[in-house]
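Enquirer: pasting the structure only:
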């Protein structure tokens, strides 16, 4: 079901049972490539999803979500209210972004990883310079890693599989698989 107040572009391939709530803009902005949304997806009110993005089955958004072009989203992914996913991002199956997350271009979040409310991922080590865009460094959050509320991940870091980053941490270096880090700057506690 598509709410009558929403705008859905002509280059959209919507799977069976897709629900688009009120005041959404889906498949209008972005490159001249289709938006593909898998079966049983729910896109809630005031979401904007660009063309050129591929979304798997059973996808869920909260309200006021923005998803930019050339993003790949797997099955069973949930993106919480007020979150922004920039272009050229990959979210694997079972990823959960809680409310108010920011995930910039070239980020990869692997299967089953979880980002808590207010997580900020960054990708520009030296922002606002003429060569900033040419030198972006994506962050990788490996399978099953858990990133606590209000964490900041600095450009180029890799969070290992099954790692836990405690709430409010600022991660400036890679985190090994299975470890727990806390603090600013983040340090290993187990």
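Expert: Nice, I can see it. Owing to the predicted nature of the structure, the values given are computational and were not obtained by experimental measurement.

Enquirer: nearest the geometric middle of the protein, what residue?
Expert: With the centre of the chain defined as its mean C-alpha position, the nearest residue by C-alpha atoms, centre = their mean is residue 85, 4.4 Å away.

Enquirer: confidence score at that one?
Expert: Per-residue confidence for residue 85 comes out at a pLDDT of 98.

Enquirer: quick one, what contacts it?
Expert: Under the criterion of C-beta atoms under 8 Å, 6 or more residues apart in numbering, the contact partners of residue 85 comprise 65, 66, 67, 68, 71, 79, 91, 97, 103. C-beta here means a position set from N, CA and C on the backbone, and glycine is covered the same way.

Enquirer: ranking the residues you listed by neighbours, who comes first?
Expert: Neighbours here mean other C-beta atoms under 10 Å. Within these, the largest count is held by residue 103, at 31 neighbours.

Enquirer: ok, that residue to residue 68 distance?
Expert: Counting by C-beta to C-beta, to the nearest Å, the gap between residue 103 and residue 68 amounts to 10 Å.

Enquirer: anything in contact with each of these two?
Expert: Applying C-beta under 8 Å, 6+ apart, one finds that residue 103 and residue 68 are jointly contacted by 85, 86, 89.

Enquirer: how about these in TSV, adding secondary structure and distance to residue 57?
Expert: Written out in TSV, the entries for these read as follows (DSSP: H, G, I helix; E, B strand; the rest coil; distance: C-beta to C-beta, whole Å):
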residue	secondary structure	distance to residue 57
85	strand	18
86	coil	23
89	coil	19
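
Enquirer: just these now: which is nearest residue 4?
Expert: Looking at these and their distance to residue 4, the nearest is residue 85, at 26.2 Å (C-beta to C-beta).

Enquirer: please name the bridge partners of the closest one.
Expert: Beta-bridge partners for residue 85, by DSSP bridges, are residue 67, residue 103.

Enquirer: switch to numbering from 10
Expert: From this message on, residue numbering opens at 10, which makes the last subject residue 94.
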